[in-house]
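K.L.:
Quick one, what's the 3D model for this:
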Amino acid sequence: MLPVRFKQEDDLGHTSVLGAMLFWLPLAGLVSAGGSVLVYLLLAKLGWLGAVVAALVYPMLYGFLHTEAVADVADALYAAHSGKDAYSIIKDPTIGAMGILWTVAAVLLKTSLIVYLLMHGMWALFVAAAISSRMGLEMLFFTQTFRSSFILTLQRGFDSKLFGGSMVLFLLVGLAVTGARFFLIAALAMGISYLVATRIGKKLGFLNGDVLGTTLEATEIVLMLGGALLWL
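P.N.:
Numbers count the residues shown, from 1 in each chain. Coordinates of the predicted model:
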C-alpha cells in the first residue's frame, strides 16, 4: 500500500524486480505492525477502543489481501470434501456461506489477539509475528511447487542468494525487536507455515496464492495466541 514511483520504461515483470519484492516481503510485516503499534500509542487514552482501531489498521495496511484468501480456501476445502473441483471453486469470484463464516471468524480472532497484545504491552511479539509469518511464506516460495503462473514467475527471480540474504537480514531485525527469542518465533513460523500449507495442499491437490494468504493468516493467529500464553 506504500506509494512507489516507477519510470514508464521500468519493467515491473522482470525477474530481478520480482525477486527483490520477495526479498523485502517481511518488511511489509514490520511496517504494517509497526504502524498499528504507532496508532495504538496515539490512541492509548481511548483504552480498548483505541486498541481495536489500531488492530484494524494492521490488515488495512496490507489491503485485507490475505483475508480474502481465507474465504476462497474455505470454500475450496468444502468443495473438495463433496467431490467438486476445488480449483474451479477457488477461482470463482463469488464467496459461499462457509467462506464468509471462516473469514469472519479469522478476522474476529486475529483482531482480538492484536487488541490483547497491544493492551498488555506485548508489542514486540506482535511485530515479531508479522515479520516471521512472512519469512515463512518466503520459505514456501523457495521450497514448494505452485499451480500459479504469477507465483512461478516470482519464484524464478527468487534465487538462493536472495532467500538466504532475506533470512539473515530479518533474523537480525527480529533479534533487535524481541531479542534471542525471535529465533524460536521464526522457527515456529517456518514450521507452522509448512504444516498449514502442505496440509491444505494435500486436501486441495495444489498450492496457489490463496493458500499462501491463508497460511499467513493461520500462522499469525497461532503465533500470537501461543506466544501470548508463553509470554505471560
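
K.L.:
now the element among helices and strands of the chain having the smallest mean pLDDT: how far from the chain's centre is it?
P.N.:
Confidence across the helices and strands of the chain bottoms out at helix 15-23, with a mean of 83, counting by mean pLDDT, DSSP states H and E. For helix 15-23, the distance from its own C-alpha centre to the chain's C-alpha centre is 17 Å (Cα atoms, centre = their mean, to the nearest Å).

K.L.:
what packs against it?
P.N.:
Helix 15-23 sits against helix 149-157, helix 160-178, with contacts defined as 3 or more Cβ pairs under 8 Å, 6 or more residues apart in numbering; DSSP states H and E. For every residue, glycine as well, the C-beta is placed using N, CA and C.

K.L.:
Any buried residues in it, and which?
P.N.:
Residues of helix 15-23 classed as buried by neighbour count (16 or more other Cβ atoms under 10 Å): 18, 19, 22, 23.

K.L.:
Which residues are in contact with the second one?
P.N.:
For residue 19, the contacting residues are 154, 157, 158, 159, 162, taking Cβ atoms under 8 Å, 6 or more residues apart in numbering as the criterion.

K.L.:
measure the residue lying closest to residue 207 once chain neighbours are set aside to residue 214 for me?
P.N.:
Leaving aside its sequence neighbours, residue 207 sits nearest to residue 201 (Cβ to Cβ, 6 or more residues apart in numbering; 4.4 Å). The gap separating residue 201 from residue 214 is 11 Å, by Cβ to Cβ, to the nearest Å.

K.L.:
do the same with residue 149
P.N.:
20 Å.

K.L.:
Have a look at these two and say which one is more surrounded.
P.N.:
Neighbour count, other Cβ atoms under 10 Å: between residue 149 and residue 214, residue 214 has more, with 27 against 8.

K.L.:
centre of the chain versus the helix or strand hosting the more buried one, how much separation?
P.N.:
Counting by DSSP states H and E, the element that carries residue 214 is helix 209-231. Relative to the chain's own centre, helix 209-231 is displaced by 8 Å; criterion: Cα atoms, centre = their mean.

K.L.:
Alpha carbons of that helix, as CSV, please.
P.N.:
Provided in CSV are the C-alpha atoms of helix 209-231 (Å, rounded to 0.1, in the frame of the first residue of the first chain):
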residue,chain,number,x,y,z
GLY,A,209,-1.6,-17.7,-3.8
ASP,A,210,-4.8,-18.1,-1.9
VAL,A,211,-3.2,-21.0,0.1
LEU,A,212,-0.2,-18.7,0.9
GLY,A,213,-2.5,-16.0,2.1
THR,A,214,-4.5,-18.4,4.3
THR,A,215,-1.2,-19.8,5.6
LEU,A,216,0.0,-16.4,6.6
GLU,A,217,-3.3,-15.6,8.5
ALA,A,218,-3.2,-19.0,10.3
THR,A,219,0.5,-18.7,11.2
GLU,A,220,0.0,-15.3,12.7
ILE,A,221,-3.0,-16.4,14.7
VAL,A,222,-1.2,-19.4,16.1
LEU,A,223,2.0,-17.4,16.9
MET,A,224,0.1,-14.6,18.6
LEU,A,225,-2.1,-17.0,20.6
GLY,A,226,0.7,-19.3,21.6
GLY,A,227,3.1,-16.5,22.1
ALA,A,228,0.7,-14.6,24.4
LEU,A,229,0.4,-17.8,26.6
LEU,A,230,4.1,-18.4,26.7
TRP,A,231,5.0,-14.7,27.2
